[in-house]
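> Build me a model:
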Amino acid sequence: QVQLVESGGGWVQAGGSLRLSCAASGRTSSKYNMGWIRQAPGKEREFVAAISWTGGSTYYADSVKGRFTISRDNAKNTVYLQMKSLKPEDTAVYYCAAAISVSSIRSGVPTNWGQGTQVTVSS
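This is a model prediction of the structure:
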């Protein structure tokens with residue numbers, strides 16, 4: 001089991017930037033694929049980004065490609081999501097996710113979830 005704790009959410013104006021962090025702990029946390037999934041009020045969960053446990057492969061939703069960057073530091077057991085050119089439609093609770101399978105993160109059904117951090121983008 002992996003425990004995930006997010007930080008870095010907040011309020012920002014459209015066009016601004018935020019960086020989310022997710023600290024992982026637990027058994028073999030460094031060998032988990034990691035990612036971010038978001039959920040806006042009244043909407044379904046949406047895959048945002050994922051990164052392989054080596055950091056060698058990254059995946060993005062079309063809606064964030066070119067604006068968001070996912071990275072990880074395995075020495076710190078931490079994954080990051082750098083968000084730039086934020087839009088009001090990026091407003092959501094962002095959940096950190098971890099799983100052995102990248103596809104489960106991309107499908108929005110990872111085995112491990114954080115508690116979520118709110119990101120609000122005003123127009």
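
> tell me, what residue is most central in the chain?
In the chain, the centroid-proximal residue (C-alpha atoms, centre = their mean) is Trp36; its distance is 2.2 Å.

> check which helix or strand covers that one.
Secondary structure from DSSP states H and E places Trp36 in strand 33-39.

> Buried residues of that strand, list them for me.
Using 16 or more other C-beta atoms under 10 Å as the test for burial, strand 33-39 gives Asn33, Met34, Gly35, Trp36, Ile37, Arg38. Heads up, the C-betas are built off the backbone N, CA and C, glycines and all.

> and those residues as TSV, adding distance to Ala61 and pLDDT?
Output for these, formatted as TSV (distance: C-beta to C-beta, whole Å; pLDDT from 0 to 100):
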residue	distance to Ala61	pLDDT
Asn33	16	95
Met34	15	96
Gly35	10	98
Trp36	10	98
Ile37	10	98
Arg38	9	98
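
> now stretch 76-89: how far from the chain's centre is it?
7 Å (C-alpha atoms, centre = their mean, to the nearest Å).

> got the end-to-end distance for that stretch?
31 Å (C-alpha to C-alpha, to the nearest Å).

> List the contacts of that stretch.
12, 14-25, 29-30, 34-36, 40, 48-49, 51, 63-64, 67-73, 90, 94, 96, 119, 121-123 (C-beta atoms under 8 Å, 6 or more residues apart in numbering).
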